[in-house]
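In: Got a sequence here, can you model it:
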Amino acid sequence: MRLLRPLVRLLLRHAVPFGAFQEIAKRAYVEVAMNDFAIPGKKPSAARASILTGLTRKDVQRLLTEPEPDAAETNERYNRAARVLGGWLRDPNFHDAAGTPRPLSTDAVGDFPQLARLYSGDMPARAVLDELLRVGAVRRLDDGRIEPVARGYLPIGSSVDKLQILGTDVADLIETIDHNLTDGAADPRFQRKVMYHRIRVGELPAFRRLSTSRAQALLEQLDRWLAEHDLDAPHENPHLPHARVGLGIYYFEERLGDEPPATKRGQS
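Out: This is a model prediction of the structure:
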């Protein structure tokens, strides 16, 4: 219930009824049962998936034969645009004398097409620019150049794109929790938080500013390390083992009543 309440709040806010959630949940149950809970040496079967999930064999068979929604194009668009914006934020060739990402011209021989070629692979610079403008990650200046709106790729104008990215963050956190529950003793993944229960509301803005600046600095430091070790063209070495890896930080806040919990402070 603790896991589902904030999810249901999010779904209802975006007009997703129970029937739609139920259908998505059924698909997820069948997919995980088939992919992650097969008996070693045996081919996954609809009958076993039915037993594991509690769904009827008819439901399982229907979900296995129906085409799955394809998010590959959306993911690819996001990944390319994020790489370009990330390159802009950290590459000194696109910074001013103070080390700040400078506005870029977008004409055929301008700085932005050069940036796009370096960080988006074969995606046309115009398509990358349209995507960054569409989600509000960059803005046009009066002289026609563009500049980044924030130090990271988070769509401003599109709820669908925000859900796509933030939903991935939730999935990554749950994957880490699952890993730590099953393999944490031998191969733990970092998952920590600091939390106090009796912070005055008037102090919250100061903590928001402090936590944001410190977290952003850490993420930018880690981003530089990852960028130095990232494969420039993984498609040229398809058999070279590689992984998606990162670290996420999130802020949380809950207003409490006049009677705070008995535990005053803690770290977990």
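In: looking at it, L231 is touching L240, isn't it?
Out: Yes: with contact defined as CB atoms under 8 Å, L231 reaches L240; the gap is 7.2 Å. Where you see a C-beta, it was placed from the backbone N, CA and C, and this is true even at glycine.
In: just for the stretch 1-150 of the chain, where's the confidence low?
Out: Judged by pLDDT under 70, the stretch 1-150 of the chain has its weakly predicted residues at 69-78.
In: any idea where the helices of it begin and end?
Out: 4-13, 18-36, 46-53, 57-65, 72-90, 111-120, 125-134 (DSSP state H, counting those that start in this stretch).
In: I'd like the mean pLDDT over stretch 215-229, please.
Out: Average pLDDT, stretch 215-229: 89.
In: So which residues make contact with stretch 48-64?
Out: By CB atoms under 8 Å, 6 or more residues apart in numbering, the residues outside stretch 48-64 that reach it are 26-27, 29-30, 33-34, 37-39, 46-47.
In: possible to save the residues you listed as JSON lines with distance to L3?
Out: JSON lines is the format used below for these (distance: CB to CB, whole Å):
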{"residue": "K26", "distance to L3": "18"}
{"residue": "R27", "distance to L3": "19"}
{"residue": "Y29", "distance to L3": "15"}
{"residue": "V30", "distance to L3": "20"}
{"residue": "A33", "distance to L3": "19"}
{"residue": "M34", "distance to L3": "23"}
{"residue": "F37", "distance to L3": "20"}
{"residue": "A38", "distance to L3": "25"}
{"residue": "I39", "distance to L3": "28"}
{"residue": "A46", "distance to L3": "28"}
{"residue": "A47", "distance to L3": "29"}
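In: of those residues, closest to H14?
Out: When the contacts of stretch 48-64 are ranked by distance to H14 (CB to CB), R27 comes first, at 18.6 Å.
In: For the residue nearest to the closest one when sequence neighbours are not counted, give its distance to P40.
Out: Take R27 and drop its neighbours on the chain: the residue closest to it by CB to CB, 6 or more residues apart in numbering is L63, 5.3 Å away. Distance of L63 to P40, given as CB to CB, to the nearest Å: 24 Å.
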